[in-house]
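Colleague: Just need the structure, nothing else, for what follows:
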Amino acid sequence: MHNTDRMDEIKKMSNKGKTISNAKKAILLINLGTPDSYQVKDVRKYLKEFLSDRRVIEASSFIWQPILRLFILPFRSPKTAKLYESIWFQDKQLSPLMYYTQAQARKLADKLGNEVIVDFAMRYGEPSIKAKIEALSVQGVTEITIVPLYPQYSATTTASVYDEVFRVLQTMRYQPNIVGVAPYYQHPAYIKALKQSVLSYLETIDFTPDVLLLSFHGIPLECVQKGDPYQAHCLQTFELLKSALSETKLDIQVSFQSRFGPKEWLKPYTTEVLANLAKKGKKNVLVMAPGFAADCLETLEELKETERETFLNAGGQHYAVIPCLNDRDEHIEMLKTIIGE
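Modeller: Numbers count the residues shown, from 1 in each chain. The predicted model follows:
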């Protein structure tokens, strides 16, 4: 083979599979994940992957895996499947988290134009981070901006995303450049989007809230004691949003939800705060979950249904949950802003 023929062959090999898009940069939005369906087998598969992550459950695999496989998955999967069924978007055959994350990627792509590819992945379940990074590489992408959709950093969430990103890169012969977007818990655009969401929702309800409760997902207290900044980030978001909403004169409080297992988690617990508010005569409560970029099981079932019962059974009268930022225009504009910095 002549040298020119050899060079042509090398060029063909180098360009193979990389002609789908002219864009060389991509943005990858990453959220926690969702089962493929609310069937028990799919929920079990999802929970197994999620609860096997050492960033999520910091315990020896030799001890934890038998507990997970023999006790937690057999009993928790059917119960969780029923909860997913109750919130599933039946007409779209998608979970709310999947639907809104798709919409976020699509709307961000529309806003940014053709200069960059915008896609999304899930840390657990499908579409996986591995599949999306490999697909982007095939398209000739040489730089990927990773956007963990967690405003407040935690090793249990944000760090786990980057763990997986770099695990994928370890298997690749040619690695794209990776750019990470910093946690945006105190970014003015984020606080502005939250403020707009609250003000808009206040116009839709027929009661005056005694309290606006900001409910963040909890983590074990020992994680914070070991150096996780999550609690500090949540409290900074709380203080900034409280200041931004000062003109409303709302009594704004903070709590932590979704406790799992016997260990002590961040307090105060949302369920206890709601019960105590009702008992103290705070009969009208509005709840917001600023740490969730899209509505999901924790907001649509836990907050909107289970905690509603907690509050009403304790004597509350009016209870409402503000939708997450989801695919609202101000959320997409916020993402554009933080990615562009």
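
Colleague: contacting residues for D228?
Modeller: In this structure, D228 makes contact with S154, A155, T156, I219, judged by C-beta atoms under 8 Å, 6 or more residues apart in numbering. Quick note: C-beta positions are derived from backbone N, CA and C, even for glycine.

Colleague: which residues in the stretch 1-150 of the chain form helices?
Modeller: Here the stretch 1-150 of the chain has its helices, by DSSP state H, counting those that start in this stretch, at 3-15, 40-51, 61-67, 73-87, 96-112, 129-138.

Colleague: what comes up buried for the fourth one?
Modeller: By neighbour count with 16 or more other C-beta atoms under 10 Å, helix 73-87 contains the buried residues L73, R76, S77, T80, A81, L83, Y84, I87.

Colleague: need the contact list for the second one.
Modeller: Translated: R76. Contacts of R76 (C-beta under 8 Å, 6+ apart): L47.

Colleague: Mind pulling up the pLDDT for it?
Modeller: R76 is assigned 97 on the pLDDT scale.

Colleague: again with the first one
Modeller: Reading off the confidence values, L73 has pLDDT 98.

Colleague: wait, isn't it in contact with K45?
Modeller: No. Taking C-beta atoms under 8 Å as the definition, L73 is not a contact partner of K45, at 9.5 Å.

Colleague: quick one: common contacting residues for those two?
Modeller: Counting by C-beta under 8 Å, 6+ apart, nothing touches both L73 and K45.

Colleague: rewinding a little: scan the contacts of D228 and report the most crowded one.
Modeller: The most crowded member of those, judged by other C-beta atoms under 10 Å, is I219 (25 neighbours).

Colleague: Tell me who's in contact with that residue.
Modeller: I219 touches S154, T156, D228, Y230, Q231, F256, W265, L266, counting by C-beta under 8 Å, 6+ apart.

Colleague: how much space between Y184 and K24?
Modeller: Counting by C-beta to C-beta, to the nearest Å, the separation of Y184 from K24 is 25 Å.

Colleague: In terms of neighbours, single out the busier of the two.
Modeller: Shown here are Y184 and K24; by other C-beta under 10 Å, Y184 has more neighbours (26 against 16).

Colleague: Quick one: residues contacting the more buried one.
Modeller: Contact analysis of Y184 by C-beta under 8 Å, 6+ apart lists P151, Y190, M334, I338.

Colleague: I'd like the next helix or strand past the strand or helix carrying the second one.
Modeller: By that I understand Y190. If you go by DSSP states H and E, Y190 is part of helix 188-202. Using DSSP H and E, the helix or strand that follows helix 188-202 in sequence is strand 211-217.
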